[in-house]
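Asks: Predicted model and sequence below, questions to follow.
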Amino acid sequence: MRSLLVIALCLTGCSTSPDPLPKQPDAPTSKAVVTTLGADLDKTDHRVASALVAIEKNADKPKVVVAESRLAQSYLPAPPEGDVAFAIARASKADPIDYKKQMEFGRKLATAVTLAWEKLEADQKEALRVSQLKDARIVELTKAVEQAKKDAAANLWTLAGIAVAVLGAAAMVFTGPRIGGTLLACGAAIGAFPFVVESEYFTYIAGGTLALAAGLGIYWLWDRVRDSANAPYEPPQK
């Protein structure tokens, strides 16, 4: 990326550098990743919460409580032994103050998780935007490099055309207009070559040139055949 930027600036001779790109967040650029994961997490949370509601409403039915508890646990990873021991001790103590403190902690933790998830979604959108900016910058620099190459090639053709034209001017003085004029015409053609190739009418120009060359060739052959046919007969000498 940096190499392309340096090459483009050096070849095009730009005095100003492009605006710096913003930092890309450390997040996936694909929205599908976040959306799919979020949907799965929501489904898990909803199933566990629903099972807990069923437990609360069927507290007088031990079998239902056990079945719903196991169902809720199936949607969750296995808890560490320390957390299990802490929960069992809390249940055996059954202190309302402890339950109140744990509920407040749970609400704060759930809020923090929600905020973190919203930040992840925002980072994903920003990462996608910056990634698209980078892609656009690469395209821009690639075009600048290609244009610089074309300009350099055009300059070489121009210099070659000037050199041939100078030789033609000298030939006009020392050898006459026949050679000098030909060299001048060749110099003009060489200098104009890259512009003709890049022109939108290049196909028509090339086709017309080939047609003209073919016509001149046919005319030359026809002229030779006509001259041969009209030449006076000369009997073979003995």
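Replies: Yep, that arrived.

Asks: All the strands of this structure, in order from the start?
Replies: Assigned by DSSP state E, the strands in the chain number zero.

Asks: Distance of the residue nearest the centre of it relative to Pro96?
Replies: Of all residues in the chain, the one closest to the mean position by C-alpha atoms, centre = their mean is Asp135, 3.6 Å from it. According to C-beta to C-beta, to the nearest Å, Asp135 and Pro96 sit 58 Å apart. (Each C-beta comes from the backbone N, C-alpha and C, glycine too.)

Asks: just Ala127 next, same as before
Replies: Distance, Ala127 to Pro96, by C-beta to C-beta: 46 Å.

Asks: circling back to that earlier point, residues contacting the residue nearest to the centre of the chain?
Replies: If you count contacts by C-beta atoms under 8 Å, 6 or more residues apart in numbering, Asp135 has none.

Asks: How is the protein divided into domains?
Replies: 28-145, 151-228 (automatic domain parsing).

Asks: Could you export those domains as a markdown table, including mean pLDDT and distance to Pro20?
Replies: Shown next, in a markdown table, are the domains of the chain (pLDDT from 0 to 100; distance: least, C-beta to C-beta, whole Å):
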| stretch | mean pLDDT | distance to Pro20 |
| --- | --- | --- |
| domain 28-145 | 88 | 10 |
| domain 151-228 | 77 | 26 |
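
Asks: Just send the ones you listed back as a markdown table, with distance to Leu21 too.
Replies: Shown next, in a markdown table, are the domains of the chain (distance: least, C-beta to C-beta, whole Å):
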| stretch | distance to Leu21 |
| --- | --- |
| domain 28-145 | 6 |
| domain 151-228 | 26 |
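
Asks: Asp19 is nearest to which of the ones you listed?
Replies: Checking those against Asp19 by C-beta to C-beta gives domain 28-145 as the closest, at 9.5 Å.

Asks: Where do the helices of the chain begin and end?
Replies: 2-12, 31-57, 62-74, 81-93, 96-174, 177-198, 202-230 (DSSP state H).

Asks: Give me the neighbour count for Leu221.
Replies: If you count neighbours by other C-beta atoms under 10 Å, Leu221 ends up with 10.

Asks: give me every residue that touches it.
Replies: Applying C-beta under 8 Å, 6+ apart to Leu221 gives no contacts.

Asks: how close does it sit to Thr182?
Replies: On the measure of C-beta to C-beta, Leu221 and Thr182 end up 23 Å apart.

Asks: One more: Lys143?
Replies: Applying C-beta to C-beta, the value for Lys143 to Thr182 is 39 Å.

Asks: The closest residue to Ala160 other than its chain neighbours: what's it in contact with?
Replies: For Ala160, ignoring the flanking residues on the chain, the nearest one in space by C-beta to C-beta, 6 or more residues apart in numbering is Ile190 at 5.2 Å. Ile190 sits next to Trp157, Ala160, Gly161, Val164 when contact means C-beta under 8 Å, 6+ apart.

Asks: Can you add distance to Gly82 and give these back as TSV?
Replies: Output for the contacts of Ile190, formatted as TSV (distance: C-beta to C-beta, whole Å):
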residue	distance to Gly82
Trp157	79
Ala160	83
Gly161	85
Val164	89
